[in-house]
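K.L.:
Have a look at this fold, sequence not included:
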Ligand SMILES: CC1(C)O[C@@H]2[C@@H](CO[C@@]3(CNc4nc5cc6c(=O)[nH]c(N)nc6cc5[nH]4)OC(C)(C)O[C@@H]23)O1
């Protein structure tokens with residue numbers, strides 16, 4: 001069995017649950033936030049710093065690694081874990097979504113996708129079989145099916161077509177998947193149409209994957225629409241298997257997702273906004289680049305106990321960012337990742353001890369979405 005999942009504790013007044021995901025590279029306590037390491041690195045962080053921060057599992061991308069350095073090099077290097085010196089679980093996204101969101105898409109048909117590389121414009125073809133072979137070569141602990149994620153908004157017909165293709169491609173991925181020490185997760189599509197979500201979930205759960213992702217969300221739809229889709233999609237997935245909400249998210253979305261029964265999350269947010277000099281704190285966002293922090297000798301978050309908040313001030317980090325010093329990016333990234341990973345640890349404790357709903361309400365009362 002490449003992967004096993006057990007629910008440890010269920011919340012009594014929400015769908016939240018604490019679980020444990022057993023993978024070939026170690027155990028993951030869920031709900032979990034996965035830092036994104038698109039090109040075999042979580043930008044600006046070393047693996048040792050990620051361990052210090054408490055990262056349990058990271059995400060990497062088939063599309064990017066296939067284009068550069070190429071799956072063959074990573075395979076020759078002994079696989080992705082060895083290549084990037086990360087000896088804990090890795091989940092790889094299948095490339096479907098990245099082709100749509102990054103590449104110069106040339107053609108999509110039932111066979112697969114022809115596209116031009118966003119790096120050098122060279123022409124490539126990705127199919128369910130090829131995306132599966134690449135992930136087997138990378139050796140991630142969890143591979144994702146090659147799916148079609150429609151944009152938002154999209155017509156019913158467009159989404160229906162993507163559901164049909166996603167289901168047929170899922171069967172082909174299952175057929176092509178040959179790695180005993182790697183789990184393959186299915187991805188449910190269906191946009192914001194309830195009947196299409198029901199159809200996609202039925203077709204994918206019939207294939208009995210060890211875990212399921214909810215795709216097609218966090219692609220520009222209003223948050224309340226995403227929550228509505230989660231309310232009727234999560235119950236369609238087997239309660240005994242991990243549920244992964246792709247591309248999410250912000251602290252409020254993580255809390256809502258956990259409340260609705262999601263176990264796994266990933267998002268570029270903490271690392272991406274760090275590069276714009278934005279810090280996530282318990283009382284909201286702090287754009288530390290702003291002049292107002294020039295003489296602010298407090299830590300990024302006075303309530304945070306991370307290495308950055310114990311040793312540096314907003315004034316210093318602002319100076320570094322303004323001076324385009326690399327350490328500025330590193331310190332802000334370190335703190336943002338720590339903030340989200342720490343939030344997930346607090347969520348797990350709150351579920352275990354039966355006060356999750358109260359915790360969520362108190363956290364949101366303090367964490368104002370607007371900048372503080
Ligand atoms: C939230 C935030 C900050 O995350 C950023 C940016 C725009 O949204 C993101 C995150 N949302 C997101 N939804 C996804 C859906 C799928 C999917 O249906 N299938 C597969 N295989 N992979 C997926 C990956 C996904 N990522 O997607 C890109 C374009 C990667 O940048 C991310 O806003």
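P.N.:
Thanks, I have it. Predicted, not measured: the structure shown is a model, and the values here were computed from it.
K.L.:
contacting residues for residue 314?
P.N.:
The contact partners of residue 314, by Cβ atoms under 8 Å, 6 or more residues apart in numbering, come to 286, 288, 293, 296, 297, 298, 299, 300. In this view, the C-beta of every residue, glycine as well, is placed from N, C-alpha and C.
K.L.:
Can you tell me which residues in the stretch 1-150 of the chain are near the ligand?
P.N.:
Proximity of the stretch 1-150 of the chain to the ligand is confined to 93, 94, 96, 97, 101, 144, 147, 149 under the rule Cβ under 6 Å from any ligand atom.
K.L.:
which of these are buried?
P.N.:
93, 94, 96, 97, 144, 147, 149 (16 or more other Cβ atoms under 10 Å).
K.L.:
Can you flag which of the residues you listed belong to helices?
P.N.:
96, 97 (DSSP state H).
K.L.:
Tabulate the buried ones among the residues of the stretch 1-150 of the chain next to the ligand (CSV), appending pLDDT.
P.N.:
CSV is the format used below for these (pLDDT from 0 to 100):
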residue, pLDDT
93, 98
94, 97
96, 84
97, 89
144, 98
147, 97
149, 95
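K.L.:
how about the helices in the stretch 151-300 of the chain?
P.N.:
156-176, 194-205, 223-233, 251-259, 269-275 (DSSP state H, counting those that start in this stretch).
K.L.:
which residues sit against the shortest one?
P.N.:
So that's helix 269-275. Helix 269-275 is touched from outside by 35-36, 42-45, 249-250, 280, 285, 329, 332-333, 335-337, 339-340, with contacts defined as Cβ under 8 Å, 6+ apart.
K.L.:
Count the residues that sit near the nearest residue in space to residue 205 that is not next to it in sequence.
P.N.:
Excluding the flanking residues, the one nearest residue 205 by Cβ to Cβ, 6 or more residues apart in numbering is residue 238, at 6.3 Å. Neighbour count for residue 238, taken as other Cβ atoms under 10 Å: 15.
K.L.:
And the one 3 residues further on, by the same measure?
P.N.:
Summarising burial for residue 241: neighbours were counted as other Cβ under 10 Å, giving 22.
K.L.:
so what's it up against?
P.N.:
Residue 241 touches 5, 209, 210, 211, 212, counting by Cβ under 8 Å, 6+ apart.
K.L.:
tell me the contacts of the first one?
P.N.:
Listed by Cβ under 8 Å, 6+ apart, the contact set of residue 5 reads 19, 20, 21, 22, 30, 210, 211, 240, 241, 242, 263.
K.L.:
The helix or strand residue 310 falls within: which residues count as buried?
P.N.:
According to DSSP states H and E, residue 310 maps onto helix 307-311. Neighbour counts over helix 307-311 (16+ other Cβ under 10 Å) mark 308, 309 as buried.
K.L.:
Can you give the contact residues for that helix?
P.N.:
Applying Cβ under 8 Å, 6+ apart, the contact partners of helix 307-311 are 52, 299, 300, 301, 302, 317, 331, 332, 334, 335, 338.
K.L.:
follow-up on the earlier one: of the contacts of residue 314, buried ones?
P.N.:
286, 288, 293, 296, 299, 300.
K.L.:
From these, which land in strands?
P.N.:
residue 286 (DSSP state E).
K.L.:
Closest to the ligand out of the buried ones among the contacts of residue 314?
P.N.:
Of all the buried ones among the contacts of residue 314, the ligand sits closest to residue 286, with 17.5 Å by Cβ to the nearest ligand atom.
K.L.:
how close does that closest one sit to residue 122?
P.N.:
42 Å (Cβ to Cβ, to the nearest Å).
K.L.:
Let me see the mean pLDDT of stretch 53-61.
P.N.:
Here stretch 53-61 scores 98 as its mean pLDDT.
K.L.:
Buried by neighbour count: which residues of that stretch qualify?
P.N.:
For stretch 53-61, using 16+ other Cβ under 10 Å, the buried residues are 53, 55, 56, 57, 58, 59, 60, 61.
K.L.:
In CSV: those residues, plus secondary structure.
P.N.:
Below are the buried residues of stretch 53-61 laid out as CSV (DSSP: H, G, I helix; E, B strand; the rest coil):
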residue, secondary structure
53, helix
55, coil
56, coil
57, coil
58, strand
59, strand
60, strand
61, strand
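K.L.:
now those in a markdown table, with distance to residue 113?
P.N.:
Below are the buried residues of stretch 53-61 laid out as a markdown table (distance: Cβ to Cβ, whole Å):
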| residue | distance to residue 113 |
| --- | --- |
| 53 | 35 |
| 55 | 31 |
| 56 | 32 |
| 57 | 27 |
| 58 | 25 |
| 59 | 21 |
| 60 | 19 |
| 61 | 15 |
